[in-house]
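*Asks:* Any chance you can model this:
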Amino acid sequence: HTSSYLVVTMMNDAVALPSGTALTLLNKYCLNMRRNPTSLKFRRIRVLNPKFYKTVWKDVAARELLVEVGFELDEVSADGPWLILPQTVDPAPFQSAIEDALVMHEARQSALAIAEAMQAYS
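*Replies:* Predicted coordinates:
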């Protein structure tokens, strides 16, 4: 899928948007990948990494985003499962999806704050 598909999907209120914390961490992974596009080190994420597991893996919307942009789960590694973005997959849609989701997350947070303020004055 393209990043525009992901954005339209995430804009739907019925679809959960990854948490801001998950998006921030995913953005760091993505930036490392874009800076080192041929390095397998930056195309792999150890699922059981405590920070990743708690922040991203437990967030269903974040997991779905990773799958949508092309990450594959490799469960046969001796040191636990890894998410891998194959070399044949361009990381640009991943970066676009993360950036768009961060903007949407901020917009949702602002809208919620406005709604709460309006409700307080009612």
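*Asks:* Check the burial of Val89 by counting its neighbours.
*Replies:* With neighbours defined by other Cβ atoms under 10 Å, the count for Val89 comes to 15. Quick note: C-beta positions are derived from backbone N, CA and C, even for glycine.
*Asks:* Give me the distance between it and Lys28.
*Replies:* Applying Cβ to Cβ, to the nearest Å, the value for Val89 to Lys28 is 19 Å.
*Asks:* now Glu72
*Replies:* Applying Cβ to Cβ, the value for Glu72 to Lys28 is 20 Å.
*Asks:* next one: Glu99
*Replies:* Counting by Cβ to Cβ, the gap from Glu99 to Lys28 is 13 Å.
*Asks:* Give me the pLDDT for Leu73.
*Replies:* In the prediction, the pLDDT value recorded for Leu73 is 92.
*Asks:* those strands in this structure, which residues are they?
*Replies:* Assigned by DSSP state E, the strands in the chain fall at 44-46, 72-74, 82-84.
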